[in-house]
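Trainee: Compute the structure for the input listed below.
(one chain, ligands or ions: 2)
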Amino acid sequence: MKKILVLNLGSTSSKVAVFSDYDMLFEDVIRHNVDQTNLPLIDQVPFRLESIKKSLEQHQITLQAIDAIACRGGVLKPIEGGTYLINNIMYHDLKSFKYGFHASNLSGVIGYELSQELNIDSYIVDPVVVDELIPEARITGIKGIERRSIFHALNQKSVAKQYADGIGKNYEDINVIVAHLGGGISIGAHRKGRVIEVNDGLLGEGPLSPERAGSIPNDALLKWAIDHDYNSIEANNELSKNSGLLSYFGTNDCLKVEQLMENGDKAAKLVLDAMCYQISKSIGSCAVVLEGQVDQIIITGGLSYSKYIINKVKQYVSWLQNVTIYEGEKEMHALNVGVLDLFYGKISTKSYE
Ligand SMILES: Nc1ncnc2c1ncn2[C@@H]1O[C@H](COP(=O)(O)OP(=O)(O)OP(=O)(O)O)[C@@H](O)[C@H]1O
Ligand SMILES: CCCC(=O)O
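Mentor: Residues are numbered from 1 along each chain as shown. Ligands and ions are numbered 1, 2, ... in the order given. Prediction:
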């Protein structure tokens, strides 16, 4: 039996869990206050580490009992999917935020520091920078600007594998379209175990989401940034944290927007319908990328609890293929499985150079 400590640090919370093989012994979602989460990311390490240690203490699990640490990572250089040992190079890339700012970097930083103290290994599994795009997916209309792959790789790959298991096949033998509908939205074309097309779900592309802008017409976006006198960090912050449903209705809680719609608010219905329309268009474009060879459409993430959204999207895409729903996300389980699979020889470790 292996005991795995799982760390998944997000912008407002730190999720901590310990598994004994496949059984979750506990999961804590530690919510940090705004004064703490407004600090620069690197300054958040001490209080987050403290709260992780406290959580273990409360569940009477000593750090010495842990065999390995599984961490949600991190904005790194583009890498293919899999489980990566955190080495010194990765630690420094995560800690310096060399490739971009994302709270998930802190999972790897804290995980690695703890693992050094304990003389055990720490890993990241399917980080947000998993990049398996085909060459033609990278090209844009400006030489020198390439599309990039940044998305909910951990949850997308985990539900695709779960679907494959359920029908007795390998993930590497099927083609699926996975729509992760959460605070951010990413929709990927998975061809035989590789995500060959996906929208940048963090900053730049795809459907509007509860808090992100998605694709915006180039000229209007440029004018908006100039009019507001935003530098690139400020503009990115607006696009990824203060846009989408939040910019229309002052909330990123889709349940509240549905409530407005049910109370007769026409704008709420229009924007929700537009979000479903844009999600469906992205699913359709993935079907084209897969040349129509789609075994299943899979919808997951927090918004997949919504009957309204699911029914609307199904109305658009059901003619393409059947739709399977995996409500919410299972990132803590996926991280644990990514490391257990190593221990039990099902996969081999990838190394970050
Ligand atoms: N039953 C429901 N009906 C409608 N919307 C829901 C329901 N349950 C959750 N949501 C919405 O799902 C969204 C959050 O999804 P989720 O928890 O997957 O996001 P996250 O983890 O914060 O972000 P991300 O998925 O981008 O990492 C919120 O807008 C929330 O209101
Ligand atoms: C798209 C990357 C993961 C997230 O922060 O939503």
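
Trainee: neighbours of the closest residue to residue 82 other than its chain neighbours, just the number please.
Mentor: Distances taken as C-beta to C-beta, 6 or more residues apart in numbering put residue 350 closest to residue 82, at 4.3 Å, once the chain neighbours are dropped. (Each C-beta comes from the backbone N, C-alpha and C, glycine too.) Counted by other C-beta atoms under 10 Å, the residues lying close to residue 350 total 16.

Trainee: I'd like to know the beta-bridge partner residues of residue 350.
Mentor: In this entry, residue 350 is beta-bridged to residue 84, by DSSP bridges.

Trainee: Surely it is in contact with residue 80?
Mentor: Yes. Residue 350 is within contact range of residue 80, at 7.4 Å (criterion: C-beta atoms under 8 Å).

Trainee: so what's the residue nearest to residue 82 up against?
Mentor: Applying C-beta atoms under 8 Å, 6 or more residues apart in numbering to residue 350 gives the contacts 79-80, 82-85.

Trainee: neighbour-wise, which of the residues you listed leads?
Mentor: Of those, residue 84 is surrounded by the most neighbours, 25 neighbours in total, counting by other C-beta under 10 Å.

Trainee: Which pLDDT value goes with that residue?
Mentor: As predicted, residue 84 sits at a pLDDT of 98.

Trainee: now residue 222
Mentor: At residue 222, the pLDDT recorded in the model is 96.

Trainee: What helix or strand is it located in?
Mentor: helix 218-227 (DSSP states H and E).

Trainee: Then residue 89?
Mentor: Applying DSSP H and E as the criterion places residue 89 in helix 88-96.

Trainee: what separates that helix from the chain centre, distance-wise?
Mentor: 20 Å (C-alpha atoms, centre = their mean, to the nearest Å).

Trainee: The closest residue to ligand 1 within the stretch 1-150 of the chain: how many residues sit nearby?
Mentor: Residue nearest to ligand 1 within the stretch 1-150 of the chain: residue 10 (6.9 Å; C-beta to the nearest ligand atom). Residue 10 has 18 neighbouring residues, counting by other C-beta under 10 Å.

Trainee: can you tell me which residues contact the residue nearest to it when sequence neighbours are not counted?
Mentor: Closest residue to residue 10 apart from its sequence neighbours, by C-beta to C-beta, 6+ apart: residue 103 at 5.3 Å. Each residue near residue 103 by C-beta under 8 Å, 6+ apart is listed here: 9-11, 41, 44.

Trainee: how near is the residue of the stretch 1-150 of the chain closest to ligand 1 to residue 41?
Mentor: Residue 10 sits 11 Å away from residue 41, going by C-beta to C-beta, to the nearest Å.

Trainee: ok, which stretches of the stretch 51-200 of the chain are strands?
Mentor: Along the stretch 51-200 of the chain, the segments classed as strands by DSSP state E, counting those that start in this stretch run 68-71, 83-85, 121-125, 175-181, 185-191, 194-198.

Trainee: Out of those, the one nearest ligand 2 is which?
Mentor: Nearest to ligand 2, of all those, is strand 185-191, at 5.4 Å by C-beta to the nearest ligand atom.

Trainee: which secondary structure elements does that closest one contact?
Mentor: Judged by 3 or more C-beta pairs under 8 Å, 6 or more residues apart in numbering; DSSP states H and E, the packing partners of strand 185-191 are helix 153-166, strand 175-181, strand 194-198, helix 266-289.

Trainee: Return the nearest residue of the stretch 201-350 of the chain with respect to ligand 1.
Mentor: Relative to ligand 1, the nearest point of the stretch 201-350 of the chain is residue 302 (2.1 Å; C-beta to the nearest ligand atom).

Trainee: Tally up the residues packed near that residue, please.
Mentor: A count of nearby residues for residue 302, using other C-beta under 10 Å, gives 17.

Trainee: For it, what are phi and psi?
Mentor: Backbone torsions of residue 302, given as degrees, to the nearest 10, read phi -60, psi -40.

Trainee: The residue nearest to it when sequence neighbours are not counted: what's it in contact with?
Mentor: Leaving aside its chain neighbours, residue 302 sits nearest to residue 182 (5.0 Å; criterion: C-beta to C-beta, 6+ apart). Residue 182 makes contacts with 152, 209-210, 301-303, 329, as judged by C-beta under 8 Å, 6+ apart.

Trainee: Close to ligand 2: what parts of this structure are there?
Mentor: Residues of the chain lying close to ligand 2 (C-beta under 6 Å from any ligand atom) are 128, 150-152, 183-184, 186, 201-202.
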